[in-house]
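>>> structure for this input, please:
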Amino acid sequence: MNRQTVVNRVLRLAIPMMIQNGITNAVGLVDHIMVGSLGTEAMTAVSIIGQLLFVLSLAVFGGISGSGIYAAQFYGQGNTEGVRAATRMKLWVCAVCVAGGTVILFFGKSFLIRLYLHGESAEINSALTVSYAKEYLHIMLAGIPAMAITQIYSSSLRETGESFKPMISGIVSVSADIVFNYLLIYGSFGFPKLGVAGAALATVIARYLEMTVIVLWAFLSRKKHTFVQGLWRTLRIPKEICKKIISKSVPIFFNEFLWAAGLAVLTQCYSTRGLEVVAGINISNILCNLLNVVFVALGYAVGILIGQTLGAGEFEKAKKDSFTLTLFTGVISAVLSVALIALSGFFPLVYDTTERVRSLATHFIIVSALFFPVQGILNSVYFTLRSGGKTLVTFLFDSVFSWSVTVPTAFLLCLLTDLNIITIFAIVQAVDIIKIIIGARMIKKGIWVSNLAEEFS
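Okay, the predicted model is just below:
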């Protein structure tokens with residue numbers, strides 16, 4: 001199979017994910033702008049809770065990813081019962097993550113929210129921000145179970161080569177979110193005017209609609225997606241498969257959780273430079289997240305495709321494909337950099353906030369854009385390493401690096417230097433170049449190449 005064919009295969013898998021995640025993030029952008037019209041306090045509150053919920057969602061993603069590695073390889077092997085076992089394992093993992101995360105967020109909300117509010121500002125009311133954040137969080141917690149169930153079905157369908165159905169369910173979700181945001185934030189067409197609470201309620205409604213669509217569609221398509229047949233006839237998982245999946249899942253769970261927590265801590269470090277910095281980073285993140293769905297989807301698709309190839313025992317092909325697809329991801333990310341820089345001066349203008357916040361947002365966007373190729377390559381490297389089940393390696397490569405190098409760098413620069421926040425932000429982004437060097441060496445050595453499904457054939 002030539003390089004063009006490999007790229008075409010990964011694009012067929014990735015493009016529906018790009019569309020789904022792109023629409024989701026576009027709606028997030030619309031939500032952010034709608035809430036931003038209520039004031040900087042409302043916008044900052046929603047962004048802070050979004051950061052905390054992001055940690056939980058990545059914990060769920062990390063928890064089910066170990067099962068996903070096996071699901072992709074079982075599918076490549078043609079082992080339908082193995083795919084069912086991996087999917088059932090996801091349910092158990094999600095139940096633990098959702099219960100634990102809900103308890104922590106509900107009882108620790110005051111402490112967690114105030115971690116992001118430092119300094120004084122004549123134009124931003126921190127007490128009002130805390131009030132909005134708590135109101136938003138209480139409602140958003142109700143949508144977490146739906147998010148987890150959607151993750152179970154969507155990920156399993158993608159790992160078996162189906163990314164169109166998750167895309168459609170995502171489109172239904174975001175469409176509902178836009179409509180209900182408009183109705184409930186502003187009280188349009190006779191609906192109650194709920195402000196920040198309306199934004200949260202709209203998101204929860206959308207999540208349950210998304211869950212309903214993906215579950216129902218999977219059930220109706222069970223003849224095509226045979227792993228769905230009898231999927232929940234039992235929740236028991238063969239002992240050997242369970243042990244193997246747990247051994248791979250634990251490092252990924254802690255990696256995703258600690259990586260997301262590391263991002264939250266980075267934002268907290270930056271927040272020590274003032275409330276305006278938090279608002280500026282939030283605006284920057286909204287735009288950057290809208291475009292980084294491209295390399296995130298590519299990385300996820302690379303992991304699935306390489307995993308299926310490994311499951312089929314085609315090791316040399318997997319090695320060649322990994323280099324081709326990583327290079328392709330880097331090139332696409334460079335194109336995205338140009339688009340981001342072009343938008344950097346205009347996007348912050350849509351927000352009803354201060355000139356200082358807009359200026360900071362513009363500079364954060366430009367710096368993030370310059371390092372987009374770095375993030376794209378790292379994303380592809382990470383999923384390639386993970387596809388062979390080397391989850392301990394990815395744990396060391398990703399979250400251990402973040403907590404031992406990236407986070408301390410940000411903390412020390414913010415605490416001990418007088419450098420401006422944009423310079424600090426750029427230095428912290430540049431640290432990830434070290435990871436590219438490490439990752440390239442690991443990919444070249446082929447330490448990630450293994451057939452996990454072969455153990456159960």
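
>>> quick one: low-confidence ranges for the protein?
1-4, 20-21, 23-30, 118-124, 451-457 (pLDDT under 70).

>>> so which residue is dead centre in it?
Leu58 (6.0 Å; Cα atoms, centre = their mean).

>>> in the helix or strand containing Thr409, what's buried?
Element membership of Thr409, judged by DSSP states H and E, is helix 407-416. By neighbour count on 16 or more other Cβ atoms under 10 Å, the buried set for helix 407-416 is 407, 409-411, 413-414. (Each C-beta comes from the backbone N, C-alpha and C, glycine too.)

>>> out of the residues you listed, which comes closest to Cys97?
Val407 (22.6 Å; Cβ to Cβ).

>>> contacts only, for Ile433.
Val374 (Cβ atoms under 8 Å, 6 or more residues apart in numbering).

>>> show me where the chain has strands.
Per DSSP state E, the chain carries no strands over any range.

>>> can you pull the contacts of the residue of it most remote from its centre?
Going by Cα atoms, centre = their mean, the residue of the chain most distant from its centre is Gly190, 35.5 Å out. Not one residue lies near Gly190 by Cβ under 8 Å, 6+ apart.

>>> give me that answer again for 10 Å
Applying Cβ atoms under 10 Å, 6 or more residues apart in numbering, one finds that Gly190 lies in contact with Leu183.

>>> if I look at it, how far off is Leu201?
To Leu201, Gly190 is 16 Å away according to Cβ to Cβ, to the nearest Å.

>>> same check on Tyr300?
In terms of Cβ to Cβ, Tyr300 sits 30 Å off from Leu201.

>>> Asp432 now?
Counting by Cβ to Cβ, the gap from Asp432 to Leu201 is 37 Å.

>>> Tyr300 and Leu201: which is more packed in?
For Tyr300 versus Leu201, neighbours defined as other Cβ atoms under 10 Å are more numerous around Tyr300 (25 against 22).

>>> ok, Ile377 touching Val302?
No: contact criterion Cβ atoms under 10 Å: Ile377 and Val302 do not qualify, at 11.1 Å.

>>> who has more neighbours, the two?
Val302 (30 against 25).

>>> which ones are touching the more buried one?
Neighbour list for Val302: 6, 10, 13-14, 295, 321-322, 324-326, 328-329, 379-384, 386-387 [criterion: Cβ under 10 Å, 6+ apart].

>>> same question for Phe107.
By Cβ under 10 Å, 6+ apart, Phe107 has no neighbours at all.

>>> do the same with the one 5 residues further on
By Cβ under 10 Å, 6+ apart, the contact list for Leu112 reads 48-49, 51-52, 55, 104-105, 133, 137, 264, 268.

>>> swap in Ile306?
Per Cβ under 10 Å, 6+ apart, neighbours of Ile306: 6, 10, 72-73, 76, 317-319, 321-322, 325, 380, 383-388, 448-449.

>>> mind checking which of those residues land in helices?
In helices, judged by DSSP state H, the following of those are found: 6, 10, 72-73, 76, 317-319, 321-322, 325, 380, 383-387.

>>> among those residues, name the buried ones.
Counted by 16+ other Cβ under 10 Å, those give 6, 10, 72-73, 76, 318-319, 321-322, 325, 380, 383-387 as buried.

>>> returning to what we had before: burial of the closest residue to the residue nearest to the centre of the chain other than its chain neighbours, as a residue count?
Nearest residue to Leu58, sequence neighbours excluded (Cβ to Cβ, 6 or more residues apart in numbering): Ala260, at 3.8 Å. Other residues lying near Ala260 total 23 when counted by other Cβ under 10 Å.

>>> quick one, what contacts Ala260?
Counted by Cβ under 10 Å, 6+ apart, Ala260 has contacts 51-59, 61-62, 399, 402.

>>> got those residues as JSON lines, with distance to Leu141 columns?
What follows is the contacts of Ala260, written out as JSON lines (distance: Cβ to Cβ, whole Å):
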{"residue": "Gln51", "distance to Leu141": "15"}
{"residue": "Leu52", "distance to Leu141": "11"}
{"residue": "Leu53", "distance to Leu141": "9"}
{"residue": "Phe54", "distance to Leu141": "14"}
{"residue": "Val55", "distance to Leu141": "14"}
{"residue": "Leu56", "distance to Leu141": "10"}
{"residue": "Ser57", "distance to Leu141": "13"}
{"residue": "Leu58", "distance to Leu141": "17"}
{"residue": "Ala59", "distance to Leu141": "14"}
{"residue": "Phe61", "distance to Leu141": "18"}
{"residue": "Gly62", "distance to Leu141": "20"}
{"residue": "Ser399", "distance to Leu141": "25"}
{"residue": "Ser402", "distance to Leu141": "27"}
